[in-house]
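K.L.:
Just the structure for this:
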Amino acid sequence: MSVDIQAVAGLLQASLDPAQHRQAEQSLKQEEAKPGFSLALLQIVAADSFPQNTRLASALFFKNFIRRNWTDEDGNHRLPQNEVATIKSELIGLMIKVPPTIQAQLGDAISVIADSDFWQRWDTLVDDLVSRLTPDNAAVNNGVLQVAHSIFKRWEPLYRSDDLYTEINHVLEKFATPFLQLWQNTDQVITQNQNNPDVLKAHFSTLDLILKLVYDLSTHDMPPQFEENLPAIAGLLHKYLTYDNAALQSSDDEEAGPLEHARAGVFRVLVLYTKKYEEEFRSQMEPFIGTSWNLLTGLGPEAKNDVVVSRALEFLTTVVSIPRYAEQFNSAEVLGKVTEKVVIPNLSLRESDIETFEDEPIEFIRRDLEGSDEDTRRRGATNFLRKLMEQFEKLVTDVVMRYVDHFLAEYAKDRKGSWKSKDTAVHLYSSIAAKGVATSAKGVLSVNQNVDVLDFFQKHIAEDLTNADAEPLLKVDAIKYLYLFRSILSAQQWQAAFPLLVQHLNSSNYVVYTYAAIAVDRALYLTNEQKQAIIPRESIIPLSKDLLQHLFTLITKDTKPEKVQENEFLMKCVMRVLIVIRDGVLPILDSVLTNLVNITKVIRHNPSNPGFYYYHFESIGAVIRFAGPTQSDKLEASLFEVFVAILGGDVDEFKPYVFQLYAAMVVTSPSPTVSDRMQQLVQPALTLSFWDSKGNVPALNRFLCAIIPKAADQIAAAKQTEAILVIFQKLVSSKAYETHAMDLIETVVTSFPVTALEDYWMPMFQLMFTRLSNSKTENFTLRFIRFYHLVSALVDKGLGADFFISVSDRVQDNVFTPIYTQIILPDTQKLSRPFDRKTAVISLTRTLADSQAFVDRYSKRGWTITCQALLQLLINPPLPPAADDTIEDRDVDELGFGAAFTQLNTCKRPSQDPWPEIQDVKRWVGTTLNEADRRHSGRVGKFVGEKLGDQERAALQAVMAG
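P.N.:
Residues are numbered from 1 along each chain as shown. Okay, the predicted model is just below:
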């Protein structure tokens, strides 16, 4: 059935209406299956007859469609080849015609396509781009450059490799020279049209993209074409750092305009070139240092200048890190000027900051928080001052402390009217007191020895934590001070400070209580060198009921879904308290579950903040982990239905979390079986279409691996065993999913009776042998070896080496010999995990002890090489890893929208010892071989004497002697 373009456009329009968007998105997903759907989306994007917002929605849907459907896990195209070819040929032309907002969405789609196809499967692209460049048509050039930027920006985070450098060289050979010519042409058009605002603005958009591409093309090495033309490039960079034209000046003090974007783009290139290519760029540097100083002292405090000021400060910070340039600042007089004219103006609060604090508090926090990626003046000034301090610690300290004392004195004269002076003093002091980069886990780890951080806290900061009438922003400063220097406080000092933080959760001010939650979370995460909590769990348990209830009240103050999940910092604090109190949650379990379930019911209707719902589901995971062993029935009764509603309501973003949580409920329950309702989830989990979403696969697999050991009999009775092996077949054929495949098949082998799998052993082995033969990877090889040793070791279950050999013979006669001698034995030593090595020791020992095949078929050499492999493992016998119940932290900046998989750390699958009854491995080997020797009338001893060299014989005899 063909796609009805008008119907799709109608659905896209409906998806913009909050009342209809869920239903519209479901209908669009059904349309996706029709051939040519992606081309229909592009036709809607291209058609002027459709409303602008419908075209934008179509571009956005196209981008997400491409992300989901362009390639499979192994990089093969999912769409028909004619559709792939049409998309590639149409996209570039379309980018040239559409408005910038749509260009951005299509650009992201091109970036996804380029990840898999550029350049080998799209080797005509650069030629196509270059052929479309024009001397003076800004609209066409901007479309071309937007495509180039979408592709080349991918390079920056990538590690050096031959493939990457081949790609970069392929681009530079074709693109660099025409690109430089375009830059010259654009410069000429700008020069010739000083009094033509429309032409100027269009070509400044081109200039903005040119500067982005100069950066993209230079992230790994300076292109040779750039190095040959460096003086000209430096001249153009400097020209647009100082360029001014009333026609380009932004009339809005809040929004950056073309001039600001161009200057910020120049500084971004300058920072890169100063860091990476200082030697080549050295002769061009001086003019930029003077110009950046002039800009910093000349630009006003308006928000539109923020991006330029912060980038200029970043440039000067980079310059100061080079001793040759740093010497220019090595005097009290110069440092005084720098502090007064550059640092203080950009560190001090502006009216616009206070307005953001009051009107957009969550935005203020995200921008202000230490470690944020936001380019702010305050962060730029702080980093600049810290870099100066690295070079001239005592001198900078002395100069800055004069200003700190001055501002504190101003505050002392008029505490109500001059509170901003204290804010400036605290930020100046923090900038020089902290050394190095603050870590997300522990904050600042090293301080300036010329100041006393704790003394400053007691004299100037603590009062704002204890004074109820202190200015809200000074309270925030005080909380941030504790947050920043949290590792410098002793455990005893934290005992006094922590209750003050908790108290500020009661503040009526959004920023104050949110910063208090941030600081409480980080304080509870602090540990000493012995990994013991700085703030003991015992001191938190008595507070936990009120603390959690208050946090839940703050989260749900406004019941709209987007407001409930707005503040991820509060939810993270909930998670941290639950992780810290562990089974201390039991007395308050009902209240905690009620709150978590209610929040789930609200946010499932419109997931809008990935950070919030990640912490929310980690909180549920913590409750399951610590309450599951004693309250599994209550957990299941409370959570089961709301999770089923999520699965039934197609809340794709939540499905990977839900299956992880179901798995955790199964694993933590002490019952050896599962409830009927949990058993009923097996059938949906085996639905193949669920496994088509990449985000679902690890979570569904985790659920199956959790439930199969407790429900194998019911699964076999329901004739679902084959469906599980169909899932294994699907997973094992993909390199991306091979680990999940092997986790699943190991669970199947250890959970089902041998006879229940009678019809499946041959196809199971055939699939694995095919992978080894056709598309072997290092990871799959090691997992196959681990699987062999597991089967070989499970003699008591009716398996063992002889069983593995007999199944292998049924697949292909004598195929076991090359697999064993060329794969299993040589690479067994590569197994690194202690439990895997332990399984290998047990496997090889039981083979030597009882395998008939190794007596009858492989006695000539097989027994000898097996013994050699065993002795090799016993040189460093596997020891059980130390128990570690730490729950890791995650940086949510990496989380995005959509149904991607994110591991819940509270539900992480612990590594389990399949052989807990065997502790002293070496002694067990000796005992097992001695018993086998007696059982087989001295056969083992005879083989030891006949088949081993002197050294090997002595080593094995020593093991057998105990």
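K.L.:
Just the buried positions in the longest helix that the chain contains, please.
P.N.:
Scanning the chain for the helix with the most residues, using DSSP state H, yields helix 610-648. In terms of neighbour count (16 or more other CB atoms under 10 Å), helix 610-648 has its buried residues at 610-628, 631-632, 635-636, 638-640, 642-644, 646-647. All C-beta atoms are positioned from the backbone trio N, CA, C, and that covers glycine.
K.L.:
Which elements pack onto the helix or strand just after that helix?
P.N.:
Next helix or strand after helix 610-648 toward the C-terminus (DSSP states H and E): helix 655-668. Counting contacts by 3 or more CB pairs under 8 Å, 6 or more residues apart in numbering; DSSP states H and E, helix 655-668 packs against helix 610-648, helix 676-679, helix 696-717.
K.L.:
can you rerun that using 10 Å?
P.N.:
In terms of contacts (3 or more CB pairs under 10 Å, 6 or more residues apart in numbering; DSSP states H and E), helix 655-668 is packed against helix 610-648, helix 676-679, helix 682-685, helix 696-717.
K.L.:
Report the mean confidence score over the longest helix of the chain.
P.N.:
Per-residue pLDDT values over helix 610-648 give a mean of 96.
K.L.:
how far does that helix sit from the chain's center?
P.N.:
23 Å (CA atoms, centre = their mean, to the nearest Å).
K.L.:
residue contacts, the residue lying closest to residue 172 once chain neighbours are set aside?
P.N.:
Leaving aside its sequence neighbours, residue 172 sits nearest to residue 223 (CB to CB, 6 or more residues apart in numbering; 5.1 Å). Residues near residue 223 by CB atoms under 10 Å, 6 or more residues apart in numbering: 168, 169, 171, 172, 175, 176, 177, 179, 180, 214, 217, 229.
K.L.:
Closest to residue 352 out of those?
P.N.:
Checking the contacts of residue 223 against residue 352 with CB to CB, the nearest one is residue 214 at 31.1 Å.
K.L.:
What sits closest to that closest one if chain neighbours are left out?
P.N.:
Closest residue to residue 214 apart from its sequence neighbours, by CB to CB, 6+ apart: residue 269 at 5.2 Å.
K.L.:
For that neighbour, which residues are in contact?
P.N.:
Residue 269 is in contact with 211, 212, 214, 215, 218, 233, 237, 311, 315, counting by CB under 10 Å, 6+ apart.
K.L.:
re earlier: what's the angle from the longest helix of the chain to helix 655-668?
P.N.:
Calculated by axes from the mean of the first three to the mean of the last three CA atoms, to 10 degrees, helix 610-648 forms an angle of 80 degrees with helix 655-668.
K.L.:
Tell me the pLDDT of the closest residue in space to residue 299 that isn't next to it in sequence.
P.N.:
Leaving aside its sequence neighbours, residue 299 sits nearest to residue 305 (CB to CB, 6+ apart; 4.5 Å). In the predicted model, residue 305 carries a pLDDT score of 94.
K.L.:
if we can go back for a sec, mind checking how far the residue nearest to residue 172 is from residue 468?
P.N.:
61 Å (CB to CB, to the nearest Å).
K.L.:
ok, now residue 761?
P.N.:
Going from residue 761 to residue 468 by CB to CB gives 73 Å.
K.L.:
before we move on, back to that, just the buried subset of the contacts of residue 223, written out for ChimeraX, thanks.
P.N.:
Paste this into ChimeraX to select the buried members of these, with burial taken from 16+ other CB under 10 Å:
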select :168,171,172,175,176,179,180,214,217,229
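K.L.:
Now render the contacts of residue 223 as CSV, adding distance to residue 139, pLDDT and secondary structure.
P.N.:
Converted to CSV, the contacts of residue 223 look like this (distance: CB to CB, whole Å; pLDDT from 0 to 100; DSSP: H, G, I helix; E, B strand; the rest coil):
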residue, distance to residue 139, pLDDT, secondary structure
168, 28, 97, helix
169, 30, 97, helix
171, 23, 97, helix
172, 26, 98, helix
175, 20, 98, helix
176, 23, 98, helix
177, 23, 97, helix
179, 18, 98, helix
180, 21, 98, helix
214, 21, 98, helix
217, 23, 98, helix
229, 27, 97, coil
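K.L.:
List just the nearest of the contacts of residue 223 to residue 298.
P.N.:
Minimum distance to residue 298 across the contacts of residue 223 is 25.0 Å, recorded for residue 214 (CB to CB).
K.L.:
ok now whichever strand or helix holds residue 324, how far from the chain's centre?
P.N.:
If you go by DSSP H and E, residue 324 is part of helix 323-326. What separates the centre of helix 323-326 from the centre of its chain is 37 Å, taken as CA atoms, centre = their mean.
K.L.:
For the next helix or strand after that helix, buried residues please.
P.N.:
Sequence-wise, the next helix or strand downstream of helix 323-326 (DSSP H and E) is helix 332-338. Across helix 332-338, burial judged by 16+ other CB under 10 Å covers 335, 338.
K.L.:
if we can go back for a sec, which strands and helices sit next to the helix holding residue 324?
P.N.:
helix 285-298, helix 306-320, helix 377-391.
K.L.:
No more questions from me, cheers.
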